[in-house]
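Novice: Sequence isn't available, so here's the structure alone:
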């Protein structure tokens, strides 16, 4: 078998010529593979001669199977012998001629596009510097206290702002009840503003067992057309009142809920963790802004198939996370609830997918241009880090890795190394939140990056909850 290679813009074509004797061997191999399927009178099953089968079912009966095998081998050989060809789509096959002398066919495939790099060293990039504050520590500690709080029944007073009440309600307009305006044993946090204006304020002051008519007015921009701006009355009965008891911040609380002995030690640890998070966030932003600048300076024509593949990945990842976060919610159900579709999802994220593909291609081009390769020590350090998070030694973890997984780890380490090296050659103009820009000398960050050349889906919408008409839109 012989072939010629023709490189075109965005694709490569391999034109193959298969001599008659080679093609005959492929046909015979297809016959041997499939002869057990044929059962003709006068022959045992699996022993019908090839010529008899071809005479009965047509001379091309084994053509498709033979050609698929032949084309697959030919394509694999061509890719092996042309290591610089990187297919990014399924190949297209075109049969040229099939005669006495030879079989000819062409395989054309879309390939990874060439990237024209612009300036990627010596850049000046603006970024925000994040710092942890005492206010941040207060908020973190308060979240911890709230997480350890509990709801306590109230029986000796009326409901007040901040309480969680259990109520029945039934709404009507001009004496006629409307759909979605009735509920039983509904929990409501007073002051949460989750119901229409004026509702929660009137529940405050009610006592357990009390019933009351609450006059309210639906907002002019309410989601239900038939209720916009309408005056309504809700008949409400209050069944229970609970308040959230939050533990006091003292040494006893710290000792019961953390590994520390005093509030001071606990607070110092919170500040340390927040400072580390802020440093990582700053480092990530610096690298992201740097990558954006490098990508903007580069040019590349991205094949539609690569964008479509990225969109498929984003949709698949979104479906997985949707199922994980919302108890197995199906993607089609999500689109039904939100009035959207797969097509709209892809349309909305097409620009994001294009950016993700371009970023990946540009970073790969920089790595190639700079010949960046991780050392064995760097790979071992990464494996040790991953192994530790899995509770294994590096040796134990390495034994579980497939070649594909090892290749993925190597790719991640290479990207991290490339970004670190590029960061040392970049001047960052740092701006603290709310402050003027301050020039910072290039500094290599040791913090773990979160930037990846793999795309990540955009932040998804919240899963829809069932709405009551009484609730605020």
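Specialist: That came through fine. Keep in mind the model is a prediction, meaning the values are calculated, not measured. Numbers count the residues shown, from 1 in each chain.

Novice: now the strands for this protein?
Specialist: 2-8, 11-19, 92-98, 102-110, 124-129, 150-154, 164-173, 176-189, 211-217, 231-245, 427-432, 437-440 (DSSP state E).

Novice: And the ones you listed: which comes nearest residue 141?
Specialist: Taking Cβ to Cβ, strand 231-245 is the member of the strands of the chain nearest to residue 141, at 16.3 Å. Placement of C-beta: from N, CA and C, glycine included.

Novice: Pull out the buried residues from the closest one.
Specialist: Residues of strand 231-245 classed as buried by neighbour count (16 or more other Cβ atoms under 10 Å): 232, 234, 236-238, 240-243.

Novice: Check the separation of the first and last residues in stretch 16-23.
Specialist: 12 Å (Cα to Cα, to the nearest Å).

Novice: Give me the buried positions along that stretch.
Specialist: Neighbour-count burial for stretch 16-23, counted by 16+ other Cβ under 10 Å, picks out 16-18, 23.

Novice: what mean pLDDT does that stretch have?
Specialist: On average, the pLDDT along stretch 16-23 is 94.

Novice: what's next to that stretch, contact-wise?
Specialist: Residues from elsewhere that reach stretch 16-23 (Cβ atoms under 8 Å, 6 or more residues apart in numbering): 1-3, 26, 66, 70-71, 74, 100-107.

Novice: 6 Å instead, please
Specialist: 1-3, 74, 102-105 (Cβ atoms under 6 Å, 6 or more residues apart in numbering).

Novice: Buried subset of those residues as a ChimeraX selection?
Specialist: Applying 16+ other Cβ under 10 Å to those, the buried members can be selected in ChimeraX as follows:
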select :1,3,74,102,103,104,105
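
Novice: For residue 338, give me the pLDDT.
Specialist: Residue 338 carries a pLDDT score of 88 in this model.

Novice: what's the spacing between it and residue 345?
Specialist: According to Cβ to Cβ, to the nearest Å, residue 338 stands 10 Å off from residue 345.

Novice: Report the contact partners of residue 93.
Specialist: The contact partners of residue 93, by Cβ under 6 Å, 6+ apart, come to 71, 107.

Novice: same thing but at 8 Å, please
Specialist: Taking Cβ under 8 Å, 6+ apart as the test, what residue 93 contacts is 71, 105-107.

Novice: rewinding a little: comparing residue 338 and residue 345, which shows the higher neighbour count?
Specialist: Remark: of residue 338 and residue 345, residue 345 carries more neighbours, 22 against 15, as counted by other Cβ atoms under 10 Å.

Novice: What distance do you get for that one to residue 306?
Specialist: With Cβ to Cβ as the criterion, residue 345 and residue 306 are 18 Å apart.

Novice: Please apply the same query to residue 203.
Specialist: Separation of residue 203 from residue 306 (Cβ to Cβ): 56 Å.

Novice: one step back: so which of the contacts of stretch 16-23 is the closest to residue 394?
Specialist: Taking Cβ to Cβ as the measure, residue 394 lies nearest residue 74 of the contacts of stretch 16-23, at 42.8 Å.

Novice: if I look at the nearest residue to residue 257 once chain neighbours are set aside, how far off is residue 133?
Specialist: Leaving aside its sequence neighbours, residue 257 sits nearest to residue 148 (Cβ to Cβ, 6 or more residues apart in numbering; 6.0 Å). Separation of residue 148 from residue 133 (Cβ to Cβ): 23 Å.

Novice: And for residue 418?
Specialist: Plainly put, residue 418 is 33 Å away from residue 133 if you go by Cβ to Cβ.

Novice: between those two, who's got more neighbours?
Specialist: Neighbours were counted for residue 418 and for residue 133 using other Cβ under 10 Å; residue 418 has more, 19 against 14.

Novice: that older thread, the residue nearest to residue 257: how many residues sit nearby?
Specialist: 13.

Novice: No further queries at this time; thank you.
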